[in-house]
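A.B. asks: Sequence and predicted structure, then a few things I'm wondering about:
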Number of protein chains: 2
Amino acid sequence: MAEEKLPRVVVVGGGFGGLEAAKKLACENVHLTVIDRTNYHLFQPLLYQVATAALSPADIAAPIRAILHKCKNVEVILAEVQSVDVNTRLVHAGDLDVQYDYLILATGARHSYFGHPEWERLAPGLKSLEDAVEIRRRILMAFEYAEKISDPAARAAAMTFVIIGAGPTGVEMAGAIAEIARHTLARDFRHIDPSSARVVLIEGEPQVLAAFPEDLRTSAMKQLQDLGVEIRTGVHATDLTEAGLRVGDEFIPCRVKIWAAGNNASFVGKSLGVPVDRVGRVLVQDDLTIPGHPEVQVIGDLANLTGKDGKPLPGVSPVAMQQGRHAARNILNMIEGRKPQRFWYFDKGSMATIGRNKAVADLHMLHLSGLPAWVAWLFVHILFLVGFRNRVVVLFQWAWAYFTFNKGARLITRNFQAETRPPA
Amino acid sequence: MAEEKLPRVVVVGGGFGGLEAAKKLACENVHLTVIDRTNYHLFQPLLYQVATAALSPADIAAPIRAILHKCKNVEVILAEVQSVDVNTRLVHAGDLDVQYDYLILATGARHSYFGHPEWERLAPGLKSLEDAVEIRRRILMAFEYAEKISDPAARAAAMTFVIIGAGPTGVEMAGAIAEIARHTLARDFRHIDPSSARVVLIEGEPQVLAAFPEDLRTSAMKQLQDLGVEIRTGVHATDLTEAGLRVGDEFIPCRVKIWAAGNNASFVGKSLGVPVDRVGRVLVQDDLTIPGHPEVQVIGDLANLTGKDGKPLPGVSPVAMQQGRHAARNILNMIEGRKPQRFWYFDKGSMATIGRNKAVADLHMLHLSGLPAWVAWLFVHILFLVGFRNRVVVLFQWAWAYFTFNKGARLITRNFQAETRPPA
């Protein structure tokens, strides 16, 4: 095919960074290959709403093929990349080898359990749709279990929810679980009072949302407390077991634990053979390329690039999206014989939602709390949600939930064929 | 509690029959306990749309607690019932024993593989949300796999979909898969042409939709053929393997097989100690009670009651819903010292949808085909869908899919933590 003569650009990862790069390159004069281990782009900022039964998985996911199918020189491959050989310019994905002239690596990050991988089963994190559906199942099952049993201690443990880590995800989970208990499930049970459920948020830093300015951190704490969330700051979780976990010198009996603490960069970065930081992020040059290989760029959560404040740029979607677009521009420049350009992050600010009418928004000049921050959060997230269809469905579900206090996706689903059979 | 003095009514099963009975009894002077092994009522007639990526699981499921929470004397228990002891009037569900004065047993049916349980893994049926999501995964994965490989034979097998059984579910699945291939996925791939996918529908009877009148059976065949579905009637599937299956004396290589052939009644029926039929349905008396135990009624797919035509009433939702309401009335009668009444099924007719603008509807006096039947089908199903929220979401998704030929829920999701790890 004529395509074969075009420069081969490979984008690994269909998250915010990879998708932006792909969209920018899709209809250019390149042969573009996008590789992801799922068939959809996931709108991660709303993943906590799937985990808390407000939205369905399909509401926040869009098939990568469908997003890119208009441009004929784009190929999408569903495969998990294990490594990259920068010398032979090959991407290895199982038994599949993909040749590239230019590579954008955007495989992101997964949870890190600080050397306790066995904790993942006990306290799942929130990165994938599978994680979210499993967390939803655990939260809803805890109430079902508490309703069935009579032992007060076991019942109390079942109705105690501990979230480890008070970054945006931890704060959003804590707020959403508190709201389910206080509102959504309030009238559904006969032997328990869901609104008496304990939601405990644990943070090693002195305050929640460490990345936010002082006044908003304080406001977020206050708004969480209004929802009845217990906040323990300056302490770390230890001794995770089925029965509970230790926080400082107190053991909290609890059935459901959710991990929102740490991230490790994807293992693919290490295969590049260039320096990585403590959490495995590739130390990229200021133009997003790696030393000695201008044809390889690393972006998003997988990249460590120092920002104006001397700290690495945060692992948030705006950084990834801007880097994705920049990396695409760099490739188009290089194809035309120009040099890759330096990347500058334009920080528009950040937001975290806490619950109904509750949020914080740091727009630099302007700090918002409560209703105005929450409304701003709604608009931004609807705006950035991929696909008209998803926007309408999510908007409707939110309106419905807002006026009825009801959550639409309260399903406890199990794995295929996990159903019990007749007693043998 | 005062409740304790009320007659204890237990409904086992939150399907169409059980839920109708529960809704009728919920606010009466009884202590009602509803037991189901899921926390939601599933709108089964639309399950095939989850399996074919048109709808999300939550769109066709409503939490049983939420449906019944208005009435204070209703208790909902999430548990799987193993057996009933009609002498001690106890329902056994795991380590839970529930006492009843009146029982409505509505545990439904599951697939039957005609003595080949090993086929379930190879050709899942469509009864639960877990089944539907797994079938969706297999259908979408087949195209992804075909896109990646080059061996023509393996590719052809991956793009061949065989549905075993041409009742309403089989017909709906065949039509929906054909439409995904011809329309939804048409532009998404580069190395395969999804519209060349083969969809084969196998039926042991001489025609599809055996329960429908002659003219509609013929029309359904015609409409399926218009969608490119290959129909093999009067033959049975044998020798199911990963590689394919035998139909008559031909072996069809195919990756995805879907079972829509036979049902067996739930095993709970056998524990009643009264006669059951060949497929395990309880032979109930004409008032839905079982011999010698007027306090026990069996309804829906678990019951075998002979209709006016001398054949057992079909396992469809209208029968279950009418029986549910009748069983509830019988209990209220018995509580007031009156006898349970004879049940008569009022058959309003039946419908099956085949695809966009394609369906058949048997309204007795009136036989509809194509667009009019399809429109009638839409209205009836939206009308009966539980919950205003679900209705609006489903209506919107359908409108969206109709005008864009797009399906909203094209997700390939795996089991929790099934993701591959870095090569050790």
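C.D. replies: Great, that's in hand.

A.B. asks: switch to C-alpha atoms for all contacts and neighbour counts from now on
C.D. replies: Fine.

A.B. asks: quick one: strands adjacent to the host helix or strand of residue A:163?
C.D. replies: Using DSSP states H and E, residue A:163 sits in strand A:160-164. The strands beside strand A:160-164 in its sheet (DSSP bridges) come out as strand A:198-203 (parallel), strand A:256-259 (parallel).

A.B. asks: mind listing the helices in the stretch 1-150 of chain A by residue range?
C.D. replies: Per DSSP state H, counting those that start in this stretch, the stretch 1-150 of chain A carries helices over the ranges A:16-25, A:47-51, A:64-68, A:119-122, A:129-148.

A.B. asks: Up against chain B, what does the stretch 51-200 of chain A have?
C.D. replies: Where the stretch 51-200 of chain A comes near chain B, counting by Cα under 8 Å from any Cα of the partner chain, the residues are A:56-59, A:61-63, A:65-66, A:69-70, A:72, A:75-78, A:82, A:129-131, A:134, A:144, A:148, A:187-190.

A.B. asks: quick one: contacts for residue A:141?
C.D. replies: By Cα atoms under 8 Å, 6 or more residues apart in numbering or on different chains, the contact list for residue A:141 reads residue A:412.

A.B. asks: at 10 Å what do you get?
C.D. replies: Residue A:141 sits next to A:135, A:147, A:158, A:255-256, A:411-412, B:39, B:78 when contact means Cα atoms under 10 Å, 6 or more residues apart in numbering or on different chains.

A.B. asks: Start and end of stretch A:106-114, how far apart?
C.D. replies: End-to-end span of stretch A:106-114 (Cα to Cα, to the nearest Å): 23 Å.

A.B. asks: I should have written stretch A:250-258 there, sorry.
C.D. replies: For stretch A:250-258, by Cα to Cα, the gap between its terminal residues amounts to 18 Å.

A.B. asks: distance of residue A:322 from residue B:193?
C.D. replies: Noted for residue A:322: a distance of 35 Å to residue B:193, by Cα to Cα.

A.B. asks: no wait, residue A:220
C.D. replies: In terms of Cα to Cα, residue A:220 sits 52 Å off from residue B:193.

A.B. asks: Which residue of the two possesses the greater neighbour count?
C.D. replies: residue A:220 (25 against 18; other Cα atoms under 10 Å in any protein chain shown).

A.B. asks: hang on, isn't the more buried one packed against residue A:373?
C.D. replies: No - using Cα atoms under 10 Å, residue A:220 is not in contact with residue A:373, being 11.1 Å away.

A.B. asks: Give me the common contacts of the two.
C.D. replies: The contact sets of residue A:220 and residue A:373 overlap at A:352-353, A:358-360 (Cα under 10 Å, 6+ apart).

A.B. asks: Please, a PyMOL command that selects the buried ones among these?
C.D. replies: A single PyMOL command selects the buried members of the shared contacts of residue A:220 and residue A:373 (16 or more other Cα atoms under 10 Å in any protein chain shown):
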select buried, chain A and resi 352+353+358+359+360
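
A.B. asks: Of all pairs in the shared contacts of residue A:220 and residue A:373, which one is the farthest apart?
C.D. replies: Taking Cα to Cα as the measure, the shared contacts of residue A:220 and residue A:373 span a maximum distance of 9.1 Å, between A:352 and A:358.

A.B. asks: what residues do those two have in common as contacts?
C.D. replies: With Cα under 10 Å, 6+ apart, residue A:352 and residue A:358 have common neighbours A:220, A:369, A:373-374, A:377.

A.B. asks: follow-up on the earlier one: please tell me how far the very next helix or strand once past the strand holding residue A:163 is from the chain's geometric centre.
C.D. replies: Counting by DSSP H and E, the next helix or strand C-terminal to strand A:160-164 is helix A:168-179. Centroid separation between helix A:168-179 and its chain, computed with Cα atoms, centre = their mean, to the nearest Å, is 14 Å.

A.B. asks: by how many degrees do helix A:168-179 and strand A:160-164 diverge?
C.D. replies: 170 degrees (axes from the mean of the first three to the mean of the last three Cα atoms, to 10 degrees).
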